[in-house]
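Trainee: Next come a sequence and a model predicted from it.
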Amino acid sequence: MNDLEGLAPEQIEKISKARERVIDSIGKNMDLYGITLSIGHLYGYMYFNQGPVTLDELSKTMGMSKTSMSTGVRTLLDLKMIDKVWGKGTRKDLFEVVPDWHQNFSDYFSIKWRKAVEGNMNALTKSLNEIRGLKEEYSAVEGLTQLLSNDEHKIEEAVKYYRWLLRLIETLENGTIFDFIPKET
């Protein structure tokens, strides 16, 4: 990391060690949320960089292939954890960290949860429609009607949960979550 140039070797070593500990922690934390350790480390390295970086610079710093860096950068872009920025006098793509950890958390979970909720709601809606159709078709079969009514009730309860989760996602997306749980200043 070029911001350490000009420092004494022992200063560089101490600062690098402290940074590496945080970078490793970031990687492990992101790994818990389904992002690979290496992409977490990539974010950590970018977090401590003093400005935008190219894929070549990242590849050299992290000792990984440009292809791996490209994949990692694309993942971080999709999660809105980094931005592609313009740099005067360069034709290469530049990337920098979005340093707002609160926003990163909000974006990450709202993106992941919304995708999961939409898939689950589609499955629940389809099953609910099928069960209601079966209830009509077999309305004369008393035992089956009760079984289908029980299933219908269980699915309706699941739908209520996912509607609640959508409201939670909306609070992450629009920032009102911080009205309930304020950011530390």
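Mentor: Thanks, I have it.
Trainee: which residues of this structure score low on pLDDT?
Mentor: Residue ranges of the chain with pLDDT under 70: 1-2.
Trainee: Would you map out the domains in it?
Mentor: As given by automatic domain parsing, the domain ranges for the chain are 2-98, 102-180.
Trainee: want to try CSV for these, with mean neighbour count as columns?
Mentor: Where C-beta positions appear, they are placed from N, C-alpha and C, glycine not excepted. Below are these laid out as CSV (neighbours: other CB atoms under 10 Å):
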stretch, mean neighbour count
domain 2-98, 15
domain 102-180, 14
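Trainee: correct me, but V53 touches L94?
Mentor: Yes. V53 is within contact range of L94, at 6.7 Å (criterion: CB atoms under 8 Å).
Trainee: quick one: stretch 36-51 to chain centroid distance?
Mentor: Its chain's average C-alpha position is 15 Å from that of stretch 36-51, according to CA atoms, centre = their mean, to the nearest Å.
Trainee: ok but K84 is inside a helix, no?
Mentor: No. Going by DSSP: H, G, I helix; E, B strand; the rest coil, the assignment for K84 is strand, not a helix.
Trainee: what's the first-to-last distance across stretch 44-52?
Mentor: Start-to-end span of stretch 44-52 (CA to CA, to the nearest Å) is 13 Å.
Trainee: Show me the contact partners of it.
Mentor: Here stretch 44-52 makes contact (CB atoms under 8 Å, 6 or more residues apart in numbering) with 1-3, 19, 22-27, 53, 58, 61-62, 76, 82, 85, 87, 94-97, 99.
Trainee: What segments of the chain are helices?
Mentor: Ranges of helices in the chain, per DSSP state H, are 9-32, 37-48, 55-62, 66-78, 101-137, 142-174, 177-180.
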